[in-house]
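# sequence and predicted model, in that order:
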Amino acid sequence: MSEIANNKVATVHYTGTLPDSGEVFDSSKDREPLVFLVGHKQMIPGFERELMGAKTGDKVEFTLSSEDAYGNHNPDAVQQVPTEMFGEITPEVGMTLMSDMGPFRVTAVAEDSVTVDFNHALAGQSLTFNVEVIDIRDADQEEILHGHVHGVGGVIHEQKTPKEPTKECNDDGCC
Ligand code: ZN
């Protein structure tokens, strides 16, 4: 019987909660299960490590430190910016917006400046996961080469014409 290991494609249902409050921050329960290629940094580090060796049907619960999850909260990633930089958007606390430097959250709004936080919303948090293993299969060579799952729950590439030679994946955004 196969178990979760590098270069396996794992299908799981999971619920993530904050251990202190029990608040659910993410769950796959009301949607399709999560499908991921093990050992290719698709998941936060501790998530895969804790699931290694699990078999189909196993239910696993674990709590990760922030280092094993979304990292520690970096105070340098909290910045004050002038309100006029928001242009037509009226910044409000709790908003998540996109910038050239990636997504950020608005954490405070003053008269002429806004405090923004580029840390992941779960940075600095310990996270508890309840995971149920639904399916495990071997990844095929192409998936291992690309570093992601193909097909249901994964990446669906545009159909190639049959005569086009298959190209190897590189870093120019072919995937
Ligand atoms: Zn691919």
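Yes, it's here.

# quickly note the distance from the residue of the chain found nearest the ion to residue 116.
In the chain, the residue that lies nearest the ion is residue 146 (3.3 Å; C-beta to the ion). To be clear about C-beta, it is placed using only N, CA and C from the backbone, and glycine gets the same treatment. For residue 146, the distance to residue 116 (C-beta to C-beta, to the nearest Å) stands at 34 Å.

# which one's more surrounded, these two?
Each of residue 146 and residue 116 has its neighbours counted (other C-beta atoms under 10 Å); residue 116 has more, 23 against 20.

# partner strands of the helix or strand hosting the more buried one and their direction?
For residue 116, the element it lies in under DSSP states H and E is strand 113-117. Strand pairing for strand 113-117, using DSSP bridges, gives strand 78-82 (antiparallel), strand 102-109 (antiparallel).

# tell me the gap between it and the middle of its chain.
In terms of C-alpha atoms, centre = their mean, to the nearest Å, the centre of strand 113-117 is set 25 Å apart from its chain centre.

# contacting residues around the nearest residue to residue 118 once chain neighbours are set aside?
Closest residue to residue 118 apart from its sequence neighbours, by C-beta to C-beta, 6 or more residues apart in numbering: residue 77 at 4.0 Å. Residue 77 is in contact with 117-119, counting by C-beta atoms under 8 Å, 6 or more residues apart in numbering.

# ok, residue 41 next?
Residue 41 neighbours (C-beta under 8 Å, 6+ apart): residue 147.

# would you say it is within a strand?
No. Applying DSSP: H, G, I helix; E, B strand; the rest coil, one finds residue 41 to be coil, outside a strand.

# any idea what residue 116 is bridged to?
residue 79, residue 106.

# report the central residue of this protein.
residue 43 (5.7 Å; C-alpha atoms, centre = their mean).

# grab the nearest non-local neighbour of residue 73.
In space, residue 73 is closest to residue 124, 3.5 Å off (C-beta to C-beta, 6+ apart).

# what number of residues lie near that neighbour?
Quick note: residue 124 (other C-beta under 10 Å) scores 15 neighbours.

# where does it sit: helix, strand or coil?
Criterion first, three-state DSSP; result for residue 124: coil.

# per-residue confidence for it?
Residue 124 is assigned 95 on the pLDDT scale.

# isn't it right next to residue 66, touching?
Yes. Here residue 124 reaches residue 66: they are 5.1 Å apart, a contact under C-beta atoms under 8 Å.

# overlap in contacts, these two.
Both residue 124 and residue 66 are in contact with 72-73, where contact means C-beta under 8 Å, 6+ apart.

# got the phi and psi for residue 67?
phi -60, psi -30 (degrees, to the nearest 10).

# same question for residue 157.
Dihedral angles (degrees, to the nearest 10) for residue 157: phi -80, psi 150.

# nice, that's everything, thank you.
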